[in-house]
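Student: Pasting the sequence and the predicted model now:
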Amino acid sequence: MARNNARLGRLRRVLNEDQSSVSVAYNIQESDRIPGDTPRYGGGANIENHPQITDYIPRRARVFGLLIAAGAFLGILAEMVAHHAAKISAFIPQGVDINLAEVFSSRLIAWTSAASLLLTAACAHVVYLLKRHRIDDLSGRYRVWRMVSWLSVILSANCVLAIHPVVGQMLGHSTGWHLLSNDSGWWLLPVLLIGGYVFSKLVIDAAECRTAMTVFLLAMTCFLIAGGLAAGWIPIENSLWAGTITRSLPLAGFLLSLMGCLLTARYVVLDVQGLIEHDAPESKIVVAASASNTAVANESHDEAEEDSESAWIDGSQPEDDYDRPLSKAERKRLRKQQRHRAA
């Protein structure tokens with residue numbers, strides 16, 4: 001009983017503190033109140049008291065290790081079930097027709113790959129949101145991260161649905177061209193072209209973080225070996241080991257890609273916070289950047305003068321600036337801004 005009274009006392013004190021924090025707003029006269037003055041949330045609900053999206057990027061090496069170890073554990077578990085499916089089937093009741101290698105092993109690897117690709121898409125989007133504000137990226141290399149984000153979402157859906165062999169067989173039967181075994185050339189060729197382009201861009205953009213660049217190269221190696229196995233260019237006599245390597249190498253590539261994106265996101269976040277030291281930029285880059293900024297400022301000033309000279313010289317005033325159409329100078333300025341953002 002005493003314990004219950006103590007608990008009620010603590011709750012009453014918390015309630016009184018919450019009431020006292022908003023008592024000033026509630027003591028205002030009814031006539032002086034303005035809609036929206038009465039607070040409905042405490043100070044802890046303010047936006048500055050909540051974590052930002054960059055706070056979810058891991059900083060410590062053990063977090064990276066745990067993520068990769070979790071994915072590797074699921075992959076090893078799936079392969080162990082596939083290898084010992086016959087022994088495990090003895091514990092299943094008779095009359096239950098189930099293929100453990102197909103139902104458990106393949107699906108577990110597929111869902112693990114899909115989850116890692118969704119995390120890769122999220123990390124790539126964070127990198128894109130930060131890198132697009134970099135002032136020395138005049139060629140727009142940051143756009144590859146948006147492409148990585150969308151491709152990761154598409155590949156995540158394909159890991160669960162497994163559409164690529166069906167599409168390859170449909171194209172092979174409709175055209176009569178059977179590329180490689182099981183018409184795998186119809187989906188291997190686009191994957192090779194798009195994947196090679198994206199990974200080359202990633203390696204170039206991630207060259208500042210050598211660890212991330214190395215991880216991306218390892219992921220590319222896993223995908224190349226898996227593609228060679230799917231095309232039949234790397235023969236393996238043992239069918240059991242062939243299935244294991246064919247399932248495991250794409251998962252390893254996805255996990256390495258996730259690790260590369262996490263390392264790049266960590267590097268970019270620390271770089272934005274000013275915690276990474278860099279050499280002084282070359283004088284040519286500084287001069288070019290300052291010259292471009294000066295040119296943009298001069299153009300804006302000239303266009304503003306043109307607007308002031310050509311706007312409403314008859315003595316009347318517009319009723320609303322948003323109702324009138326854009327002037328020629330304003331349309332010209334808008335096109336220049338769009339070209340500058342697309343550069």
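Tutor: Cool, got the structure.
Student: List the residues that contact His125.
Tutor: 145-146, 149 (Cβ atoms under 8 Å, 6 or more residues apart in numbering). C-beta here means a position set from N, CA and C on the backbone, and glycine is covered the same way.
Student: How about residues contacting stretch 207-214?
Tutor: Contacts of stretch 207-214 (Cβ under 8 Å, 6+ apart): 203, 206, 260-261, 263-264, 267.
Student: Please repeat the previous calculation with a cut-off of 10 Å.
Tutor: Stretch 207-214 is contacted by residues 64, 202-206, 215-216, 256, 259-268, 270-271, 276, 278 when judged by Cβ atoms under 10 Å, 6 or more residues apart in numbering.
Student: ditto for stretch 50-69
Tutor: 44, 116, 119, 122-123, 125-127, 129-130, 211, 215, 252, 255-256, 258-259, 261-270, 272-273.
Student: hmm, try it at 6 Å
Tutor: 255, 259, 265-266, 269 (Cβ atoms under 6 Å, 6 or more residues apart in numbering).
Student: In terms of pLDDT, where does Thr112 sit?
Tutor: Note for Thr112: predicted pLDDT of 91.
Student: Please apply the same query to the one 3 residues further on.
Tutor: Per-residue confidence (pLDDT) for Ala115: 94.
Student: quick one: low-confidence ranges for the stretch 1-150 of the chain?
Tutor: Low-confidence segments of the stretch 1-150 of the chain (pLDDT under 70): 1-43, 86, 89-103.
Student: ditto for the stretch 201-343 of the chain
Tutor: For the stretch 201-343 of the chain, the stretches with pLDDT under 70 are 238-240, 280-326, 341-343.
Student: hmm, 90 instead?
Tutor: Low-confidence segments of the stretch 201-343 of the chain (pLDDT under 90): 206-207, 225-249, 273-343.
Student: biggest helix in this protein by residues?
Tutor: Assignment by DSSP state H gives helix 239-272 as the longest helix of the chain.
Student: ok, and the most crowded of the contacts of stretch 50-69?
Tutor: Using other Cβ atoms under 10 Å as the neighbour criterion, Leu255 leads those with 27 neighbours.
Student: so what's that one up against?
Tutor: The contact partners of Leu255, taken as Cβ under 6 Å, 6+ apart, are 68, 71, 116.
Student: shouldn't the last one be in contact with Met259?
Tutor: This means Ser116. No: judged on Cβ atoms under 6 Å, Ser116 makes no contact with Met259 at a distance of 9.4 Å.
Student: Helices - which of the contacts of His125 land there?
Tutor: Cross-referencing the contacts of His125 against helices under DSSP H gives 145-146, 149.
Student: List just the nearest of those residues to Leu108.
Tutor: Ser149 (25.0 Å; Cβ to Cβ).
Student: number of nearby residues for the closest one?
Tutor: 19.
Student: Please apply the same query to the one 3 residues further on.
Tutor: As a burial measure, the neighbour count of Ser152 was computed by other Cβ under 10 Å and equals 24.
Student: what about it, distance to Leu229?
Tutor: Ser152 is 22 Å from Leu229, where distance means Cβ to Cβ, to the nearest Å.
Student: circling back to that earlier point, can I get the ones in helices among the contacts of His125 in JSON lines with distance to Trp111?
Tutor: JSON lines is the format used below for the ones in helices among the contacts of His125 (distance: Cβ to Cβ, whole Å):
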{"residue": "Trp145", "distance to Trp111": "25"}
{"residue": "Arg146", "distance to Trp111": "25"}
{"residue": "Ser149", "distance to Trp111": "20"}
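Student: mind listing what's buried in the longest helix of the chain?
Tutor: 243-245, 247-269, 271 (16 or more other Cβ atoms under 10 Å).
Student: Equivalent analysis for stretch 221-235, please.
Tutor: 222-227, 229-231.
Student: How about stretch 59-79?
Tutor: For stretch 59-79, a neighbour-count test (16+ other Cβ under 10 Å) marks 64, 67-68, 71, 74-75, 78-79 as buried.
Student: got TSV for these, with distance to Ser181 too?
Tutor: Compiled in TSV, the buried residues of stretch 59-79 are given as follows (distance: Cβ to Cβ, whole Å):
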residue	distance to Ser181
Phe64	37
Leu67	35
Ile68	32
Gly71	29
Leu74	29
Gly75	25
Ala78	24
Glu79	23
